[in-house]
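A.B. asks: coordinates only, sequence not included:
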């Protein structure tokens, strides 16, 4: 085969090719904006020059200890500068950063350290108890343990390591000569899924995808330059939805927050002029349901991005009324965090708030850098019609889909069957091309042969003024197979509500077959990222029988 | 060598990898915003669904005629929907779009068609005279010629082709199954440099770079979604600085403009709510110097991006006063158009307009997707100090540097010597890391051993209230080697100014050795993109002697 004229002497070279990597974004921030604020943490302030130097010190110190391409560095950390620096310093060595969910128990931590083959563990004192137990279980003497001893931490956990983070940084050089990866397909991070059944799976990201989604966050959210970003979303969660890298790209300031609650959020907004934050609906609920004492006047409209579960319409509406501009996004650990957004159509500005809220409650359309998104019948692999009725599975295709699951070829092959990433989320495609999730595959309730979307029932329950949080799961039933059972957490200080009242409220608003047959009033169990843990509720039902 | 755990069964597949290409951006616009306006041209309106279908028809029709990967499709067009569609339709076939400068003479057109080995030529009737002569010189019977017969064209040039554009589109299918390139490094476009000396060089872009710069335009300029973009910049110039692709990404509306003048620009802004436009300083001058009759009230602040030559401080200041927000960018054909921008620092908001204008007159810092930019001593390849004094050559590195020059390995090797792209522009690096161009290498005037920046002298001349346009070039001199000679075009209706007055004005504002020794009053010759053609002025000096 002869080459065409465009393939002759027009190859890649040092001048015209660079591997795509978010590391370039930090280098640029330090180069262009050395003196601007990168991080705010309590009374501490860092500039981009400092953050770059500290990240390079970390990389240098790790390199001196033999960490390099393809090694894993795990970190058990809160939203602190150390976590931010690790998002850059670890990959600068060629190694892979594995941020651990701080709510994991000892067994799960031990599993991750073992499965990910971590050579180094950075660990915040707050989490020493679980980590210590995990290390006993893990039993690897070779693991280098470095304590993060954060002055803003409320608790003095045990020191577990052979050194602490600041001492370790001083082993490294601030002008460490790092290089971009040889291949942009190289892994940059490892994120374990929460694993509601069986062992967690290790989702692997590459430099290319991290770079592209970092930019896509900016474009999708119209972020502008120099935003002030409040860290309510855990940085361990999908690498903070790629926002550590996004913020380097736009030279924004990160306001760190160890404890997420309404008072802390309102204070940070008022004191630092926060412009943006991300969080699960539970975080929006903090804001929406804050007491008068907790509230502070907003310095300007604050943009919030929410995902992880479809936000209840009532929360969206309330946020908008208070003066927050909420963008609804959707994605999975496997898609670098957000990969779908409910893009706002300016034509909707004229609509009433209820209609706006309904439109905004949809997951929406693909991110700018995502090449394919559709609701597909997994049997036939054909897209469902755009009728808003036919359910199918949401599937993704493109550069912000993970490399695959670490050391789990079967799970990877299954996830990528037919050339699409299978999300496991069931949805309909509405006539305007916006996706609306109906349920997780495993959360659908099948009652008398009819599929009931647990989310639809929950959305109705959230309209009841006394409901703070709720979850609807399938309860085994001799006659119907399954029936919907509602778990409800009531707002503080409201009048008691009875099971019969709740069911009656649902029957006024929903087809009768979709209404809960039983109601349990309790505290709703949630993950650290605000996802409701329905498997615990199901277990509760099983145990009760 | 053993592979690490992140290289095992984590390969690219259809679900997690797609070649980066701006073609994806059009597909997304049509998918997400089918009914929004893509193009406005006179009384014509197109939606994204239509633009996508028409681009696919074009691709389909070209494919049926045998056009495919590595072929060249040339287009001699004005800023019309056909040009816009070609930016997508041609690469959808795998072919390379070669937009020709409409001001080229017959010999240059013939050279480009021959050198680029065009298989197809799309040509607007307005340019038939030069094209016809070129075709006679070119003498290739195999070339498929398609006329663009635009109803908005002012002139009825001869029809040269075997078919016209609309008939040709009807040969193609609107649902043509195009595919992304096998390799994102594949060529997407060919742009001939203006070639002030010798034959033009053919700059080759790839899909990867076009995609990345399309996104970088959005991020750098904070464009937001759905801008209304006025086409004052020729689409043939560096593929319209990648803006056809940018506008698909943000689903913006393109307002086409065949004739760029003050009245047309103000009308378009008022009628269509234009939010953004790009153009050389000459285009800003149209706006700044418009008569009362030509002006219309602005519906809102309009963002203008300017480059191609450093804008005179007086123009920048005037634009700002009228209500235009000007962003100064810099780049070359070799860098996909803009690759450097004078990023505005919010701290400068407090400064006076003169100081702001001085800061904004600098070329600035690297684009978000550019990995390397520096002012480098080409002898030693060391960066110059950040002292604002030491001159060096501006050099670039990264994914938005061209593949190379077509069929010109020597020129490519020279341009990429030492692993950097050599721009040929001389500049200083200021202490804050912003680049300030002093001159093109070839435009520096060396007088008595001192380097004189022609731009510095021109900037001084522009401060004179009677000067509309000016250019300073080296005049051979027996005593000094060279001396600065000023060519000046005066504003209409101003009082005459003498050579002595001009020189005196310069001596009040400049070191004496930098002042022009001679002044010529005349119309200043410019290229179609507003670049002043100094080589013509030099020729004039040579001919006169």
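C.D. replies: All right, it came through fine. Not measured: the values here are computed from a predicted model.
A.B. asks: Pull the residues that contact the lengthiest helix in chain A.
C.D. replies: Assignment by DSSP state H gives helix A:48-64 as the longest helix of chain A. With contacts defined as CB atoms under 8 Å, 6 or more residues apart in numbering or on different chains, helix A:48-64 is touched by A:26-27, A:29-30, A:33-36, A:38-39, A:46, A:73, A:81, A:84-86, A:88-90, A:92-93, A:95, A:120, A:168-176, A:178, A:248, A:251. C-beta: built from backbone N, CA, C; applies to glycine.
A.B. asks: Then stretch A:333-340?
C.D. replies: Here stretch A:333-340 has contacts from A:191, A:193, A:203, A:205, A:209-210, A:213, A:217, A:220, A:237-242, A:305, A:307, A:329-332, A:363-367, A:370, A:373, A:394, A:396, A:400-402, A:415, A:421, A:423, A:435, using CB under 8 Å, 6+ apart.
A.B. asks: Mark which of those are part of helices, please.
C.D. replies: A:209-210, A:213, A:217, A:220, A:238-241, A:415.
A.B. asks: Kindly indicate which of those residues lies nearest residue B:19.
C.D. replies: Within the ones in helices among the contacts of stretch A:333-340, proximity to residue B:19 (CB to CB) peaks at residue A:209, which comes in at 14.0 Å.
A.B. asks: Return the distance of the closest one relative to residue A:189.
C.D. replies: Separation of residue A:209 from residue A:189 (CB to CB, to the nearest Å): 10 Å.
A.B. asks: Contacts only, for the residue in the stretch 51-200 of chain A that chain B sits nearest to.
C.D. replies: For the stretch 51-200 of chain A, the residue closest to chain B is residue A:70, as judged by CB to the nearest CB, at 2.7 Å. By CB under 8 Å, 6+ apart, residue A:70 lies in contact with A:94-96, A:186-187, B:3-7.
A.B. asks: do that again at 7 Å, thanks
C.D. replies: Counting by CB atoms under 7 Å, 6 or more residues apart in numbering or on different chains, residue A:70 touches A:94, B:4-7.
A.B. asks: Next: residue A:329.
C.D. replies: Each residue near residue A:329 by CB under 7 Å, 6+ apart is listed here: A:305, A:307, A:338, A:340-341.
A.B. asks: Quick check: phi and psi on residue A:456?
C.D. replies: phi -60, psi -40 (degrees, to the nearest 10).
A.B. asks: I'd like to know how far it sits from chain B.
C.D. replies: Residue A:456 sits at a distance of 25 Å from chain B (criterion: CB to the nearest CB, to the nearest Å).
A.B. asks: Next: residue A:36.
C.D. replies: Separation of residue A:36 from chain B (CB to the nearest CB): 9 Å.
A.B. asks: So for that residue, what's the pLDDT?
C.D. replies: Note for residue A:36: predicted pLDDT of 97.
A.B. asks: so it makes contact with residue A:47?
C.D. replies: Yes - contact criterion CB atoms under 7 Å: residue A:36 and residue A:47 qualify, at 6.4 Å.
A.B. asks: What about the contacts of helix A:48-64, which are in strands?
C.D. replies: Mapping these onto strands (DSSP state E) picks out A:38-39, A:46, A:73, A:120.
A.B. asks: near chain B, from the residues you listed?
C.D. replies: Counting by CB under 7 Å from any CB of the partner chain, the subset of the ones in strands among the contacts of helix A:48-64 that neighbours chain B is empty.
A.B. asks: Residue B:383: which of the residues you listed is nearest?
C.D. replies: Of all those, residue B:383 sits closest to residue A:38, with 23.9 Å by CB to CB.
A.B. asks: and that closest one, how many residues sit next to it?
C.D. replies: Residues near residue A:38, counting by other CB atoms under 10 Å in any protein chain shown, number 27.
A.B. asks: What residues does it make contact with?
C.D. replies: A:46-48, A:51, A:253-254 are the contacts of residue A:38 under CB under 7 Å, 6+ apart.
A.B. asks: Quick check: it vs chain B, distance?
C.D. replies: Residue A:38 sits 16 Å away from chain B, going by CB to the nearest CB.
A.B. asks: now swap in residue A:224 and tell me
C.D. replies: Distance of residue A:224 to chain B, computed by CB to the nearest CB: 5 Å.
A.B. asks: Helix or strand with the lowest mean pLDDT in chain A?
C.D. replies: strand A:450-452 (a mean of 76; mean pLDDT, DSSP states H and E).
A.B. asks: what does the stretch 301-450 of chain A put close to chain B?
C.D. replies: Residues of the stretch 301-450 of chain A lying close to chain B by CB under 7 Å from any CB are A:343, A:346, A:365-366, A:368, A:371, A:397-399, A:401-404, A:406-407, A:409, A:412, A:416, A:419-421, A:433.
A.B. asks: hang on, the earlier thing: give the buried subset of the ones in strands among the contacts of helix A:48-64 as a PyMOL selection command.
C.D. replies: Applying 16 or more other CB atoms under 10 Å in any protein chain shown to the ones in strands among the contacts of helix A:48-64, the buried members can be selected in PyMOL as follows:
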select buried, chain A and resi 38+39+46+73+120
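A.B. asks: Quick check: the farthest pair among the ones in strands among the contacts of helix A:48-64?
C.D. replies: Those two in the ones in strands among the contacts of helix A:48-64 that are separated most widely, counting by CB to CB, are A:38 and A:120, at 23.4 Å.
A.B. asks: can you list the residues of the stretch 51-200 of chain A near chain B?
C.D. replies: On the criterion CB under 7 Å from any CB, chain B has as its neighbours in the stretch 51-200 of chain A the residues A:69-70, A:96, A:117, A:185, A:187.
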